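Colleague: whatever this is, show me its structure:
(chains A and B)
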2 protein chains.
Amino acid sequence: MGIRTINLDPLKHCSRRLLNMAASQQEKASKTKVQFALKTPKGTKDWSDKDMVIREGIFTSLSNVFKRHGGITLDTPVFELREILAGKYGEDSKLIYNLEDQGGELCSLRYDLTVPFARFVAMNNIQNIKRYHIAKVYRRDQPAMTKGRMREFYQCDFDIAGNYETMVPDAECFSILVEGFASLGIKDYKIKLNHRKILDGIFQVAGVKDEDVRKISSAVDKLDKSPWDVVKKEMVVEKGQSEATADRIGEYVKLNGSLQEVHALLSQNTDIVSNEKAKQGLDELAVFIQYVEALEIDSHISFDLSLARGLDYYTGIIFEVVTSGSAPPKNAEELKKKAKGAEDASEYVGVGSIAGGGRYDNLVNMFAEATGKKSGQIPCMGISFGVERIFSLIKQRTEKAAAIRPTSTKVFVMAFGGGKDWTGYLPERMKVAKQLWNAGIATEYVYKSKANPRKQFDAADKCGCPIAVILGKEEYLDNKLRVKRLGPEFANDDGELIDAADLVEVVSKKLSEIYQDGADEITKLFQDL
Amino acid sequence: MGIRTINLDPLKHCSRRLLNMAASQQEKASKTKVQFALKTPKGTKDWSDKDMVIREGIFTSLSNVFKRHGGITLDTPVFELREILAGKYGEDSKLIYNLEDQGGELCSLRYDLTVPFARFVAMNNIQNIKRYHIAKVYRRDQPAMTKGRMREFYQCDFDIAGNYETMVPDAECFSILVEGFASLGIKDYKIKLNHRKILDGIFQVAGVKDEDVRKISSAVDKLDKSPWDVVKKEMVVEKGQSEATADRIGEYVKLNGSLQEVHALLSQNTDIVSNEKAKQGLDELAVFIQYVEALEIDSHISFDLSLARGLDYYTGIIFEVVTSGSAPPKNAEELKKKAKGAEDASEYVGVGSIAGGGRYDNLVNMFAEATGKKSGQIPCMGISFGVERIFSLIKQRTEKAAAIRPTSTKVFVMAFGGGKDWTGYLPERMKVAKQLWNAGIATEYVYKSKANPRKQFDAADKCGCPIAVILGKEEYLDNKLRVKRLGPEFANDDGELIDAADLVEVVSKKLSEIYQDGADEITKLFQDL
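Modeller: From the prediction side, this is the model:
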């Protein structure tokens, strides 16, 4: 105010020289004032509010399952030496984020959690370990946010490394899959399973040369998106196989059904059983079947010979978990019956897998060899839950998701009063809140000395907490507090007047009544629909 | 074997030309075989086993305190657009990790969690929020692993943003500090507090020019490491202050003691109270004192005028939490009494702070302005727990830390038998384990068909679990299982033979007896010494 606000018309009061000076200074100022978009980098996003509560709930559920199986957790740096990642991802290596060379070592952001795990095992000469790791990985892919394809996203992995009897860790990993989905209330899924040795055996039987196996395998991998005709054409025209070879592959890879049925079918096929690799795979699966039957999880598994998986490093069982991807359709029961009969996973396909993995027996060894260490072969079996897709599935439980609150607040402390002498009881509200905090009860109050009742109720409503503790102007002087349930159904309930000394006891009792099944909103969200 | 292993002496059997070819091929092979060190990048490390359990326990404890105060959690990308970080960290900007320019936006790894938080608030036009964020940040500093200075490390922040009545969020943040340390069993600490406005007022009173205030403040910041003489010399010789100015500053910054005492002392000083800024700071602290007394946390706070804090963006209360940094010395009681009397934090200084923070009212606005948005001023108050130092403190509780196990396994399922017909009961052990898993009980068994009892006990010992469930060769056929406590004190205890149908019930009961106080090893680690 005052002299600074006098409006000087420059043309009237200033010389041309002064005007030019002013203009130049203005230009300088606008140059130094940085202007930029306020956003997160492409393919990344902030997570907050409900979404965070749901995502953290998923992590907690899966971690509990991993711990239940003796898993320990591991945390590796977000970036690795560039050589560690080199030569592990084939042509996807171009998607790796590099750190700028600012002097010192060359580093890159991790692309997955499997390679850092193998590096850790090799580096520390670990002979056996069950570890889980929930962390972000980075891929400079073209993002498709609506489909959940991000450049920064979470992976949620459990792996068992060590020289063990065949199929024992593999069966336990499948049990973890089933328990993991159960813990999230996901029922409508199928585990599509195949075995690399059987697949490779089939290719040999069909007449594919050893050097062509991986590229034919990657053609087969497209069968979940393309019809057989297209895939066959790729094999014959692009990948140089004979019509007869392609047709023989076609006969096999169309096979799918229950683990036991398809296994029996292949075991009767003399071409297959006389192939050394395929025979080995079938023998392993015979043991596997015994174990998954003992674990009573075989009904979730569909043996699907068209499953090939992209990564080169798999050496045994491979799998992907598919789902219809939405709340059960109206004919769910019918579909279920049908699926149970035929064990056909085809109707579940299309929305992308919600978990995947397999056995990779040579990756740790690659590190040991590359660094001149001799750790011997440390075979590994791993599973990875697709957190973003699982998140989308769970968020579709709209009614239950609506009940999720971003805060855990249970009590709102308020003060009612009025008149000139009314202080608003702010320090008194703090005292009351502090008692609740000390008892571990999540509590809030409005950050205002004198707040009217409406504003306090609004704030409590907004955070959605179930209980109000009210300091009445007169009542508080008599060492009394009012405890009241919140929510529309309690609009006409004046609550209960209690001795201030009983506060923690009364509130704890009320809370245990409200959450009497022990289940909070997030637990309920993960219960079966 | 066979023909390939015949040792051909090349000089005898090969032509010179063939020898050269062989040499050239060998050279190629050794070139393509990559050799590199198997390590994590400089200043980073893997976290595993016990350390992970302790660190995750710290996160859980602090998260629970944050949630108790209505905090919601936020997750921002690990990298930000480079402009977002520019101009926020002064000369420390050189420590920022940049991502390589691989086309597209220029990004950098986050340096702290405060700037991403302010970016989030400004970007989403948020008017008020209480958020916590536990995540890694990145600094290309010279690492000192033994001192816990890493290039990748965790921050654990709670911030309140919004236009509220003065000191209300500030007082709650201090309550969170006190509750946070209580939840971790850390008692031996002092919160050193100061106020930027009072500090700036003192500088003005002492005759420091406005443009010199920040550099004199950063000289004062060194008082926890250097004696007054050295700091005074810096002010006079390097920073051009008069001897008299430096001496006046010296009088003030030597002051420390209880919040109430030092506040009273300054309030009686006419020079101070006639300075507008200092007066404003004192008025704010008068309100603050009222609130921290209501919260009964004032005894933890020491008003220390030598505390200045490095970062420029603070505008109000600033604080650091210091500790003696080890298990209580033998004269702990004496020291405690002394500290209680004098409220002098000096004996706690020296091992670095275990928390810090303050009020920063203009940071959100900087973003809003830089991007042409008008969000108005969103004042913020924040606290940050130093997780790595807290981790070191807690790990020193050696006896209790020794009880920490990397796994949560509660039951080990074993089978005892022998003879030719003995199958080893592997699928049967799986069946039994599955029942326990389905009941949420962490269970393991050895991954071997036939394992001798010694090996099974060894494996159970190694994981440290308290209960064994044993399938005896004959007993199991009678639908009986043996449940036995593990550990040296139960060496001669044969356990209890139960009906297989009662398994989950019996094991659950035993576990609730073992953990009857509800406290597992990690909870006990966080209890007061």
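
Colleague: show me what from the stretch 151-300 of chain A comes close to chain B.
Modeller: Residues of the stretch 151-300 of chain A found near chain B (CB under 8 Å from any CB of the partner chain) are A:152, A:162, A:164-165, A:168-169, A:171-172, A:175, A:179, A:290-291, A:293-296. From N, CA and C alone the C-beta is placed, and that goes for glycine too.

Colleague: any weak-confidence spans in chain A?
Modeller: Residues of chain A that meet the criterion pLDDT under 70 lie in A:1-35, A:146-148, A:325-351, A:373-375, A:528-529.

Colleague: residue closest to the middle of it?
Modeller: residue A:387 (1.8 Å; CA atoms, centre = their mean).

Colleague: now the helices for the stretch 151-300 of chain A?
Modeller: Remark: helices assigned in the stretch 151-300 of chain A by DSSP state H, counting those that start in this stretch are A:168-183, A:196-206, A:213-220, A:228-233, A:243-253, A:259-267, A:270-273, A:276-294.

Colleague: domain ranges for chain A?
Modeller: Listed by automatic domain parsing, the domain ranges of chain A are A:49-399, A:411-524.

Colleague: for the spatially closest residue to residue A:287 that is not a sequence neighbour, grab phi and psi.
Modeller: Distance criterion CB to CB, 6 or more residues apart in numbering or on different chains; nearest residue to residue A:287, sequence neighbours excluded, is residue A:167 at 4.5 Å. The phi/psi pair for residue A:167 (degrees, to the nearest 10) reads phi 70, psi -10.

Colleague: strands of the stretch 401-529 of chain A, residue ranges please.
Modeller: Secondary structure of the stretch 401-529 of chain A, counting by DSSP state E, counting those that start in this stretch: strands at A:411-416, A:443-444, A:467-472, A:480-485, A:496-499.

Colleague: right, and those - which one's nearest residue A:365?
Modeller: Among those, strand A:443-444 comes nearest to residue A:365, with 55.2 Å by CB to CB.

Colleague: other SSEs contacting the closest one?
Modeller: Where contact means 3 or more CB pairs under 8 Å, 6 or more residues apart in numbering or on different chains; DSSP states H and E, strand A:443-444 is packed against strand A:411-416, helix A:426-438, helix A:453-463.

Colleague: so what strands line up beside the shortest one?
Modeller: It refers to strand A:411-416. strand A:443-444 (parallel), strand A:467-472 (parallel) (DSSP bridges).

Colleague: mind putting those into JSON lines with mean neighbour count?
Modeller: Listed next are these as JSON lines, based on neighbours: other CB atoms under 10 Å in any protein chain shown:
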{"stretch": "strand A:443-444", "mean neighbour count": "24"}
{"stretch": "strand A:467-472", "mean neighbour count": "22"}
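
Colleague: save those as a markdown table, and put in distance to residue B:103 too.
Modeller: A markdown table is the format used below for those (distance: least, CB to CB, whole Å):
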| stretch | distance to residue B:103 |
| --- | --- |
| strand A:443-444 | 47 |
| strand A:467-472 | 54 |
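
Colleague: most tightly surrounded among the domains of chain A?
Modeller: domain A:49-399 (a mean of 19; mean count of other CB atoms under 10 Å in any protein chain shown).
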